[in-house]
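Asker: Pasted the sequence and its predicted model underneath.
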Amino acid sequence: MEKITLASQLLQYLITGLTVGSVYAMVAVGFNIIYNVTEIINFAQGEFVMLGGLIMVFLHVAIGLPLILAFPATIILVTLVGILLDRLAIRPIRRPSVLTLIIATIAVSILIKGTASLIWGKDPFDLPAFSGRNPITFLGAVVQPQYFWVMGFLIITAVALSIFFDRTILGKAMSACADNPDAASLVGINVKQMILLSFALSAAIGAVAGITITPISLMEYDRGAMLAVKGFAAAILGGLGSFPGAILGGLIMGSIESFGAGLVSSGYKDAFALIVLLVILFFKPSGLMGSTEISKIKRF
Amino acid sequence: MLRIAKFPIAVFALFILVFPWMARQIPAIEHYPDIMVFAGIYCLITIGLSLLMGYAGQISIGHAAFFGIGAYISGILTTNYGMNPWVCMGIGMAVTAVVAALVGTPSLKLKGHYLAMATLAFGIIIFIIFNEEIEWTGGPDGMPGIPGLILFGFEFDSVERYYYLVWGFVLAVFVFTVNVIQSGTGRALRAIHASESAAGAMGVDVARFKILVFVYSAVLASLAGSFYAHYLNFINPATFDLFFSIKLLIMIALGGMHNIWGAIIGTGLITFLSNEWLYYFEEFEVIVYGAILLFVTVLLPEGLAGVPGIIKGWFRR
């Protein structure tokens, strides 16, 4: 047994924090995609992550689909849930206001949670790690191979999204809706379809986060709310609406939580991110990379 | 919407007065006064919340925390220090007022979803504290042995006595809140709901009114928490979780958040639903709540209190 030094301990917290933070970052990116197009905060964002994990467990472990098939199948199923959320809960609202939109997404989130508890019960589920569970020792810190998958998928998501928004017509159309929905529909962009697409995309990213984190932290039906709040905290920390901000915010949030749990108190693990959220909301609601000017012209 | 007729309030008060007698006559609903005590306790919270959400247009998903602070202050001070419950109730409300002002002042400057998330985060933090500060709160196992209420030698030791105590408070709070709605404050709140900048331009001190209502609703929740603790003689953190805050939201949305009556109707229905009728659904309970909330939000934005208006609309055509 190697001697555990303070330095290696700190490194361990950092690595764990960055891994968990990658998931928060993906949730935060999901928030931003929907927020940018619709100015809605989707309180059901965390449920996408939970569904991603549990559907993957069902397809991969229970049915026995190989990883390479179960992975995209899960993403497609969760994306469908995202589409349903827009079609059944968001679009039918006749006079949308922040209040009704928030309540509608909360309604959907408890619907999803309730359904999940019916299907999977209340126990947490495990998923085999993608490439085994033989830990690698790095400067005295223990690194699970799955950590690389989580961080890797965050990078893939970030690169794919930046290509999508900057280089494709569809992505540019979505950004146009974010800037000014009325002007966007004047130049022939179907805003309703873009909103649908934003829910689909953000559900898909949530699913990826859920699938990759389940082998590390297991997954159960009621994990969604906490993931949503922490992801939102990350989005706010980075500046709501900013993608680089979301990723930075997620990584910082994960690290704060990991160091807080390791050095201060593990019982208050979940409280650290939330306290940070409150502090940012109170002192700098525009976040690290957000702009105060933009937040002023937003409707909600 | 600002004028609230007095006659229905009188009818409602009469109903509250005779309900325990009615329940005694019909064996099937004999135990309803017990559920009504809970409904009354929750009504105290939702009346304030309705003022905050429906009239001032601010959303809170953290009122379970204020409810819990009231309950735990009453519980801790009476069991550990043997203090007078009524004094503890007052201390609970005062502490809650300070906490609400501290949380509210910065959050209420924020718009819509920021406030929702800030109150949500606050609620979860308080919930974690209830669970972790085991020395004070007993942790997840809860806190037994909270004494009942006595006033000048009169013990509120039966369901019926407690029923009249709680509903007496509910009626007083209801009438007071109705008066607030019909006063200049109520008009100012409606103006803030419609447009904060317009209200500000007309000379309404937007920040002050928002904080005032937030603190008022939090203090009511704290009072309800104290009543809850003394009625059950036992509290544990699970009562004050995020889902309870959402349940409060469902009560208000179902009843109709733009009408103060909605708080009473929605709270009554949801309390009976969860304590009595949803018994058959067991595991489905959460789904039923989600379905109700979604249905009301999409199809019935005015809630049940808006139904008479809709029906009137049909006949006018």
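Answerer: Looks like it arrived, so ask away.

Asker: mind checking which helix or strand the residue most central in space within chain B is in?
Answerer: In chain B, the residue lying closest to the centroid (C-alpha atoms, centre = their mean) is B:Ile45, at 1.5 Å. Element membership of B:Ile45 [criterion: DSSP states H and E] is helix B:32-50.

Asker: same for that helix, what does it pack against?
Answerer: Judged by 3 or more C-beta pairs under 8 Å, 6 or more residues apart in numbering or on different chains; DSSP states H and E, helix B:32-50 is in contact with helix B:6-25, helix B:63-81, helix B:159-182, helix B:206-232, helix B:242-255, helix B:260-275. Where you see a C-beta, it was placed from the backbone N, CA and C, and this is true even at glycine.

Asker: Can you add mean neighbour count and distance to chain A and give these back as JSON lines?
Answerer: Putting the helices and strands packed on helix B:32-50 into JSON lines (neighbours: other C-beta atoms under 10 Å in any protein chain shown; distance: least, C-beta to the nearest C-beta, whole Å) gives the following:
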{"stretch": "helix B:6-25", "mean neighbour count": "12", "distance to chain A": "26"}
{"stretch": "helix B:63-81", "mean neighbour count": "26", "distance to chain A": "12"}
{"stretch": "helix B:159-182", "mean neighbour count": "18", "distance to chain A": "18"}
{"stretch": "helix B:206-232", "mean neighbour count": "25", "distance to chain A": "14"}
{"stretch": "helix B:242-255", "mean neighbour count": "25", "distance to chain A": "6"}
{"stretch": "helix B:260-275", "mean neighbour count": "22", "distance to chain A": "13"}
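
Asker: Nearest approach to A:Tyr24 belongs to which of those?
Answerer: Smallest distance to A:Tyr24 across the helices and strands packed on helix B:32-50 (C-beta to C-beta): 18.2 Å, for helix B:242-255.

Asker: Contact partners for the residue nearest to the centre of chain B?
Answerer: When contacts are counted by C-beta atoms under 8 Å, 6 or more residues apart in numbering or on different chains, B:Ile45 touches B:His63, B:Phe67, B:Ser217, B:Leu220, B:Ala221, B:Ala224, B:Leu248.

Asker: Tell me if I'm right that the last one and B:Ala64 touch.
Answerer: What that stands for is B:Leu248. Yes - B:Leu248 lies in contact with B:Ala64 (C-beta atoms under 8 Å); the separation is 7.2 Å.

Asker: which residues touch B:Gly290?
Answerer: If you count contacts by C-beta under 8 Å, 6+ apart, B:Gly290 has them with A:Ala107, A:Val108, A:Ser109, A:Ile110, A:Leu111, A:Ile112, A:Lys113, A:Gly114.

Asker: Mind telling me what element the nearest residue to it once chain neighbours are set aside is part of?
Answerer: Once flanking residues are discounted, B:Gly290 sits nearest to A:Leu111: 3.3 Å by C-beta to C-beta, 6 or more residues apart in numbering or on different chains. Using DSSP H and E, A:Leu111 sits within helix A:98-120.

Asker: and B:Ala238, what does it touch?
Answerer: B:Ala238 neighbours (C-beta under 8 Å, 6+ apart): B:Pro140.

Asker: Tell me how far stretch A:161-181 lies from the chain's centre.
Answerer: 20 Å (C-alpha atoms, centre = their mean, to the nearest Å).

Asker: May I see the buried residues of that stretch?
Answerer: Neighbour-count burial for stretch A:161-181, counted by 16 or more other C-beta atoms under 10 Å in any protein chain shown, picks out A:Leu161, A:Phe164, A:Phe165, A:Gly171, A:Ala173, A:Met174, A:Ser175, A:Ala176, A:Cys177, A:Ala178, A:Pro181.

Asker: what about dumping the CA coordinates of that stretch to CSV?
Answerer: This file holds the C-alpha atoms of stretch A:161-181, laid out as CSV (Å, rounded to 0.1, in the frame of the first residue of the first chain):
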residue,chain,number,x,y,z
LEU,A,161,-21.9,21.5,-30.6
SER,A,162,-19.5,24.2,-31.6
ILE,A,163,-19.3,22.8,-35.1
PHE,A,164,-23.1,22.5,-35.2
PHE,A,165,-23.8,26.0,-34.1
ASP,A,166,-21.0,27.7,-36.1
ARG,A,167,-20.8,25.6,-39.3
THR,A,168,-24.2,24.2,-40.2
ILE,A,169,-27.3,26.0,-41.5
LEU,A,170,-29.5,24.3,-38.9
GLY,A,171,-27.3,25.4,-36.1
LYS,A,172,-27.1,28.9,-37.4
ALA,A,173,-30.9,29.0,-37.7
MET,A,174,-31.1,27.9,-34.0
SER,A,175,-28.7,30.7,-33.0
ALA,A,176,-30.8,33.1,-34.9
CYS,A,177,-33.9,32.1,-32.9
ALA,A,178,-31.9,32.7,-29.8
ASP,A,179,-31.0,36.3,-30.9
ASN,A,180,-34.4,37.3,-32.1
PRO,A,181,-37.3,34.8,-32.7
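
Asker: and A:Leu251, which of the three is it?
Answerer: helix (DSSP: H, G, I helix; E, B strand; the rest coil).

Asker: so it makes contact with A:Val23?
Answerer: No - look at A:Leu251 against A:Val23 with C-beta under 8 Å: they stay out of range, at 10.4 Å.

Asker: Between those two, which is the more surrounded one?
Answerer: For the pair A:Leu251 and A:Val23, the greater number of neighbours falls to A:Val23 (28 against 24), based on other C-beta atoms under 10 Å in any protein chain shown.

Asker: which residues sit in contact with the more buried one?
Answerer: Neighbouring residues of A:Val23 by C-beta under 8 Å, 6+ apart: A:Val49, A:Val150, A:Ala209, A:Thr212, A:Ile213, A:Leu227, A:Gly250, A:Gly254.

Asker: Report how many residues lie close to the first one.
Answerer: In this case it means A:Val49. So A:Val49, with other C-beta under 10 Å, has 32 neighbours.

Asker: Might one say that it is in contact with A:Val29?
Answerer: No - when contacts are counted by C-beta under 8 Å, A:Val49 is not listed as touching A:Val29 (11.8 Å).

Asker: which element follows the helix ranked longest in chain A toward the C-terminus?
Answerer: Assignment by DSSP state H gives helix A:6-38 as the longest helix of chain A. Where DSSP H and E defines the elements, the next helix or strand beyond helix A:6-38 is helix A:45-56.
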